[in-house]
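S.K.: Predicted structure and sequence below. I'll ask about it afterward.
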Amino acid sequence: MRQRNRLIFTAMKARTAKPSSRPARRIQRAGSLPPPSAPALAIDENRRLLNRYRFVEHEGMRLLAGWLPRAETFELKCELGRSLWEYSQHVNALYLRLREIQSPAFQAPDDAALVTLMHEALHAPDEFALAAGLYRVVIPSLIHALELHESTTFPNSDQPSVHVISHALLDLRAQVKRAGALLAQAEHDGHVSAAARAWEKYVRELLAAAGGVSGREPKTATAPRAPAARQEFTVPREAGRDARFTERLADQGVRPPEEDYEEHTIEEFERYSTEMLAAETVALVMFSVPGMPWEFQYDTARHLYDEVRHCLMGYEWMRAHGKDPFSSPQYLHIYKWRSQFPPVMQYCMLTMGNEVHAFPYRHRRVKAHMESGDRLSEQFVRYDIADETQHVRFGRRWLPELLKHVGEKRPLARFTADVLRIWQDQYRTGKLTFNVE
């Protein structure tokens, strides 16, 4: 009886149902994602591409670390530091994603042409050639590859990759815009040489030989020949500054007494404006020990960019007080002095010397600024203290690993004491000895 009643009810419902004038449509549940508009990337192709992107930005970090001390144009030097740090953020995000879909997470790309592209990029004839090759050629190709990847991978299954890519694109597009303005200004000022243009063409040919950053574009049949402008890269032992800097080799001298608040504060922030020297030393260390773990490179990228920001903090303060930051003494001999020592000694001098010993003074300055009602100076110094605290943590974490990496036999405490003795005898007294082996 129940079965018969169910059949009767179904028949009545069918007779009374109103015909729909709208075509049948597929219902998409709230929160679901539409299918990709093109055939979605298979997971093997996905990991291959992600690894290529990771390789380009990872090598880009070392490229910029090598060039940052050498670059002379201040705005470009700052951009190299910022770009390097942004690359480290992207590489770390790609590392976290790649370790979920391949092991090991970091793998050399199976494309000799891509490896050649990034290795050759180091040997640019000058800073504007470097910038043109990177920001006009390599990064636009990376942006194109990421945009295509974002739109063709599985939007739900591969959402972690989409998240990484979408955030990287924000940084990379902004980089190209900022660097493009710097290059346009250099062109206008006549600073972009024929050698730089030849180098940009060469990098574009190297990229074409690799099939673009993705490797999915048509590849040229033969590898390009390097132009005569190519210059074998050597580690910079002197820091570059452009012609606006008029006092390059000044001695640090004696600061005005802290009791003279106004004059001492001017000197305090003049010295902040010279913290590019610290960024340049960190860059040199980073470039010189490429075999260190990824986490060291990641922390060092942050350390480097912090010092760039501290330098800019000094510029901001000076301009806010009607002063020309380019007239501040640069003390370039300090970088030259530090660069003579092995990288692990440079790192020890900076983290266990300069940074550890700065805290008592910095805390006194915060108190002085608060008592004077100088909120800008107070806030700047407090941010600096936060950053420098982290740098000391970096030093304590990575010095033991650096000693192992270079095969140093002395225990950590003995090594640190020996290095700080040199730092005290020379840096703190101003009696720097050069040609140290």
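M.R.: It's in. Everything quoted here is computed from the prediction, not taken from an experiment. Residues are numbered from 1 along each chain as shown.

S.K.: For Ala278, which non-adjacent residue is spatially closest?
M.R.: Nearest residue to Ala278, sequence neighbours excluded (Cβ to Cβ, 6 or more residues apart in numbering): Glu307, at 4.1 Å. (C-beta placed from N, C-alpha, C; glycine too.)

S.K.: Thr73 versus the one you found, what's the distance?
M.R.: 18 Å (Cβ to Cβ, to the nearest Å).

S.K.: One more: Phe394?
M.R.: Distance, Phe394 to Thr73, by Cβ to Cβ: 28 Å.

S.K.: on that earlier part again, what's near enough to touch the residue nearest to Ala278?
M.R.: 81, 275-276, 278-279, 282 (Cβ atoms under 8 Å, 6 or more residues apart in numbering).

S.K.: would CSV of the residues you listed with pLDDT be doable?
M.R.: Putting those into CSV (pLDDT from 0 to 100) gives the following:
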residue, pLDDT
Gly81, 98
Glu275, 95
Met276, 97
Ala278, 97
Ala279, 98
Val282, 98
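
S.K.: can you pull the buried residues of the host helix or strand of Trp199?
M.R.: Assessed by DSSP states H and E, Trp199 sits inside helix 194-209. Neighbour-count burial for helix 194-209, counted by 16 or more other Cβ atoms under 10 Å, picks out 195-200, 202-209.

S.K.: Of those residues, which is the nearest to Ala121?
M.R.: Lowest distance from Ala121 to the buried residues of helix 194-209 (Cβ to Cβ) belongs to Val203, with 6.3 Å.

S.K.: Mind checking the pLDDT average for the top helix by length along the chain?
M.R.: Using DSSP state H to define each element, the chain has its longest helix at helix 375-406. Helix 375-406 carries an average pLDDT of 97.

S.K.: how far does the helix or strand immediately after it in the chain sit from the chain's center?
M.R.: Beyond helix 375-406 on the C-terminal side, the first helix or strand identified by DSSP H and E is helix 412-422. With Cα atoms, centre = their mean, to the nearest Å as the basis, helix 412-422 stands 30 Å off its chain's centre.

S.K.: Flag every buried residue along stretch 301-321.
M.R.: 301-318.

S.K.: One more: stretch 390-397?
M.R.: In stretch 390-397, counting by 16+ other Cβ under 10 Å, buried: 391, 394-395.

S.K.: ok, the residues you listed vs Thr116, which is closest?
M.R.: Out of the buried residues of stretch 390-397, the member with the shortest distance to Thr116 (by Cβ to Cβ) is Phe394, at 32.9 Å.

S.K.: Settle this for me: that closest one is touching Tyr298, isn't it.
M.R.: No. If you go by Cβ atoms under 8 Å, Phe394 and Tyr298 don't touch, sitting 10.2 Å apart.

S.K.: ok, Thr433 - contacts?
M.R.: Counted by Cβ under 8 Å, 6+ apart, Thr433 has contacts 337, 426.

S.K.: Ok, Asp299 next?
M.R.: Counted by Cβ under 8 Å, 6+ apart, Asp299 has contacts 394, 397-398.

S.K.: Name the nearest of these relative to Glu45.
M.R.: Ranked by distance to Glu45 (Cβ to Cβ), these are led by Trp398 at 36.3 Å.

S.K.: hang on, the earlier thing: so what does the helix holding Trp199 touch, helix or strand wise?
M.R.: Where contact means 3 or more Cβ pairs under 8 Å, 6 or more residues apart in numbering; DSSP states H and E, helix 194-209 is packed against helix 112-120, helix 127-133.

S.K.: Skipping adjacent residues, who's closest to the residue positioned nearest the centre of the chain in space?
M.R.: Closest residue to the average C-alpha location of the chain: Leu84 at 1.6 Å, with Cα atoms, centre = their mean. Spatial nearest neighbour of Leu84, excluding adjacent residues (Cβ to Cβ, 6+ apart): Leu64 at 4.2 Å.

S.K.: That neighbour is in contact with Leu80, isn't it?
M.R.: Yes. Counting by Cβ under 8 Å, Leu64 touches Leu80, with 4.6 Å between them.

S.K.: now the strands for this structure?
M.R.: With strands called from DSSP state E, the chain shows none.

S.K.: Could you list the low-pLDDT ranges of it?
M.R.: By pLDDT under 70, the low-scoring segments of the chain are 1-39, 252, 435-437.
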